[in-house]
Structure formats: structure tokens, C-alpha cells
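*Asks:* Sequence and predicted structure are below.
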Amino acid sequence: MLPNPAALQSFGLTLQDVIAALERNNRSLGAGFVERNGEAALVRVDGRLRGLADIARVVLKEHNGTPVTIGQVAEVTIGGELRQGSASADGRETVIGTAMMLTGANSRAVAVDTLEQFNYVTNNLPQDIIARPVLNRSRLVDDTIATVTHNLFYGALLVVVVLFALLGNLRAAFLTALAIPLSMLLAALGMTHYGISGNLMSLGAIDFGIIIDGSVIIVENCANSAACSPPRNASKPPAPPATKSAAPPPLAKPSSSWSTCPSSRWRGLKGNYFIPWRSP
């Protein structure tokens, strides 16, 4: 309803008079019930406005014996949606659409599917309408995957170099470093089975030193025992070096696992971040 200020003033009316008249003529009231043959019939007075014509016929006042209606002082029409924002590109007004991803969905798959649907819609638009992607999240996801791959590869390579420098034996360093791909493989299998997604914060911050600490203890003890082995004609054969060093790793590993127990109760965003960190 678009009031005409000049018409309102000529009849001595205000906007409050128009609002009050609409409220009085747009009601739905209950009038009790009528009981008959053990049944109750509800009585209701429905005085609500049904359309544009009803609104235009609402009487505001009487002027010289003639009723003054809303249609005489205002234009009654179907209005549009309230505007909640605007967008511009290159100094001209434009329309921006956003694809919303559901919670727990695969961001890369959603980005690829959205781009396919966008290309399909673009090919069916009129020639005078141009549509182009503003932000393609698949590029961000691909860059994140590349960053995680880079961190894991060079982190493992650095561990192998440090092991070789400290152990002085390439074969021992290689055997120790095998714990890295094996633990990552088991973690990937567990994450796939339980539907846990990886992310840059968790997978990119894996401590390879914690992963290989048990194998370092055993391999280093084996290498030292091989270097200091007694003659073969000894009366009593020595105990295997792995047996001597088997006790410390089982005692040290639970302490590393217990340190991650508090994070198992995290929920929300930080819980999603650190679930892959707990998996290896």
C-alpha cells in the first residue's frame, strides 16, 4: 500500500489513521461454541482481508456523508520482496550466487559438481547474459592437497637423512623409515573406514619423530649389537638385540597415545581438525 500524502491531507487523515483502520478490519475472532446433540460446533468470526479489493474498500472515515476508503488515498498493489543487499562488478550492478555445502560433505567433490552445473547453466543462458565464476574453491582444495603432500614427502625425506647421519648406516635408516609409510597406510585405512576426512592442519603437522621412535630404539640397538658382537665360537650365544630393546617402546607408546585422549572429546571445528592427528 502506497499512501498519497496529498490525498491524506485533503481528507484530514494521517498514516496512523490508515494503520488503525486496517487493524480494525482485519480480524479473526472466536465466538464460543454451540452444543447440539452432544456435539460442539465452534463459532468463529473471520473478518480478515482476502485481497487487494478488500483492502481498497476499507473505510477510513466519513466526509460530508460519503465514506472515504483506502483506495481513495493510497495505491493498493502487490509489492516486491524487501531488498537485503546488492552486488557490483566493474562498477555495475550484478547478481552473485553462492553454492552452500552441507556439513560433513567432501568440499572438493562439491566444488567440482558445482562447477559442472554452473557450466551447464551458462550454456543455456541468453546471449546478453554473461555468467562467470568469481571464486572456485576447487583450486583452494587442490592447493591444500599439494601442500599436505609436499609437507609429508619432504618431512619423511628429512627424517631419513637425519637417521642416516645419526645411525651411519643407510640400510638401518631405511628400515627405520619404513615405519612412516606403514603407519600412514594404517591411518589412511582407519580414516577411510570411519569416514574421517584429512585437512591441512592435522596431516601437515604430523610428528614423524613420534612415529618412528620405537623403530629407532630397536634398529639402533641391533646396529650396535652387530658392531660389538662377540666371536662366533662363544660358549653362550647372546640374546637377540631386539629382545633387549623390546620393553621400552611398549611403555613409551601408550604415553604418546594417552596425550591425545583429551582431544577425543573435542567437538565442532576443532574436533574435525584434530581427528586425523589422532589417527596415526
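*Replies:* Nice, I can see it.
*Asks:* What is the longest helix seen in the chain packed up against?
*Replies:* As assigned by DSSP state H, the longest helix anywhere in the chain is helix 137-167. Helix 137-167 is packed against helix 107-123, helix 170-177, helix 179-194, helix 200-203, helix 208-227, with contacts defined by 3 or more Cβ pairs under 8 Å, 6 or more residues apart in numbering; DSSP states H and E. (Each C-beta comes from the backbone N, C-alpha and C, glycine too.)
*Asks:* Now do the SS call for the residue most central in space within the chain.
*Replies:* Centroid check for the chain by Cα atoms, centre = their mean gives T103 as the closest residue, at 4.9 Å. Secondary structure state of T103, per DSSP: H, G, I helix; E, B strand; the rest coil, is coil.
*Asks:* residues in contact with it?
*Replies:* Under the criterion of Cβ atoms under 8 Å, 6 or more residues apart in numbering, T103 has no contact partners.
*Asks:* And it, its phi and psi?
*Replies:* Note on T103: backbone dihedrals following degrees, to the nearest 10 are phi -60, psi 130.
*Asks:* Q84: neighbouring residues, count only.
*Replies:* Counted with other Cβ atoms under 10 Å, the neighbours of Q84 add up to 5.
*Asks:* which secondary structure element contains it?
*Replies:* Using DSSP states H and E, Q84 sits in no helix or strand.
*Asks:* wait, doesn't L13 sit right on V68?
*Replies:* Yes - using Cβ atoms under 8 Å, L13 is in contact with V68, at 7.4 Å.
*Asks:* do you know how far the residue nearest to the centre of the chain is from F164?
*Replies:* 45 Å (Cβ to Cβ, to the nearest Å).
*Asks:* Quick check: which of the helices and strands packed on helix 137-167 is nearest to D143?
*Replies:* Among the helices and strands packed on helix 137-167, the nearest to D143 by Cβ to Cβ is helix 200-203 (9.5 Å).
*Asks:* I'd like the helices and strands packed on helix 137-167 as TSV, with mean pLDDT and distance to L140 appended.
*Replies:* Below are those laid out as TSV (pLDDT from 0 to 100; distance: least, Cβ to Cβ, whole Å):
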stretch	mean pLDDT	distance to L140
helix 107-123	88	8
helix 170-177	77	31
helix 179-194	78	21
helix 200-203	61	10
helix 208-227	68	26
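*Asks:* can you pull the buried residues of stretch 54-74?
*Replies:* For stretch 54-74, a neighbour-count test (16 or more other Cβ atoms under 10 Å) marks 55-56, 58, 60, 68-70, 72-74 as buried.
*Asks:* sorry, back to before: what's the overlap in contacts for L13 and V68?
*Replies:* Counting by Cβ under 8 Å, 6+ apart, the common neighbours of L13 and V68 are 60-61.
*Asks:* distance of T192 from L82?
*Replies:* T192 sits 47 Å away from L82, going by Cβ to Cβ.
*Asks:* Now the strand or helix carrying D17: average pLDDT?
*Replies:* Secondary structure from DSSP H and E places D17 in helix 15-24. Regarding helix 15-24, the rounded mean pLDDT is 89.
*Asks:* Outside of it itself, list whatever touches it.
*Replies:* 1, 3, 8, 49, 55, 58-61, 70, 73-74.
*Asks:* In the residues you listed, find the pair that's most separated.
*Replies:* Largest pairwise distance in those, by Cβ to Cβ, is 19.9 Å, between L8 and L49.
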